[in-house]
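# Predicted model and sequence below, questions to follow.
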Amino acid sequence: RLLPSLSSIFQMDTTHESYLDLFPLDAIVYLTPDSENVLEDIDPNKVYVLGGLVDESIHKKLTLQRAQRQSLQTARLPIREYMVKSINTKNYHSETLAVNQVFDVLSTYYETRSWPAALKAGVSSGKGYVLPDAVK
């Protein structure tokens, strides 16, 4: 759903109203694993939308296309920048996370200002990515 600026991380509100009606377009960043833009830091003046769609299987790039239709900024978590693909029997590697995993990554990053710590907290090993020091 919608994540208000992380400075108020524990004061989340839910509403049936669209984020498009609640916030200026230039303040919204739609998080999607298909974005070319890497989320480098959290801006407390931005509103981050965590996509509630799992577009990994049938509808590739659905969240990216939605954000583009709505003229929104997009970003992806820096998984490729801080993690490496692990060897696994299914040769499975996915940067698509569940909403709770994205929330865990963002909240841990906000607290620690460390992407490795944040990604370790939110990206399960079942996604096929690990921190480089875990490969040894």
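Perfect, thanks for sending it.

# check contacts around Pro116.
Pro116 sits next to 82, 131 when contact means C-beta atoms under 8 Å, 6 or more residues apart in numbering. The way it works is simple: take the backbone N, C-alpha and C, and place the C-beta from them, glycine included.

# For it, pull up the helix or strand it's in.
In this structure, Pro116 is located in helix 115-122 according to DSSP states H and E.

# pull the CA atoms of that helix into PDB?
Coordinates of each C-alpha in helix 115-122 appear next as PDB, following Å, rounded to 0.1, in the frame of the first residue of the first chain:
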ATOM      1  CA  TRP A 115      21.700  -1.000   2.700                       C
ATOM      2  CA  PRO A 116      23.500  -4.300   3.400                       C
ATOM      3  CA  ALA A 117      21.800  -4.500   6.900                       C
ATOM      4  CA  ALA A 118      18.500  -3.500   5.400                       C
ATOM      5  CA  LEU A 119      18.600  -6.000   2.500                       C
ATOM      6  CA  LYS A 120      19.700  -8.800   4.900                       C
ATOM      7  CA  ALA A 121      16.600  -8.000   7.000                       C
ATOM      8  CA  GLY A 122      14.200  -8.000   4.100                       C
END
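
# For the following helix or strand past that helix, which helices and strands make contact with it?
Where DSSP H and E defines the elements, the next helix or strand beyond helix 115-122 is strand 129-130. Applying 3 or more C-beta pairs under 8 Å, 6 or more residues apart in numbering; DSSP states H and E, one finds that strand 129-130 contacts strand 84-85.

# Paired strands for the strand it packs on, with orientation please.
With DSSP bridges as the test, strand 84-85 is paired with strand 129-130 (antiparallel).
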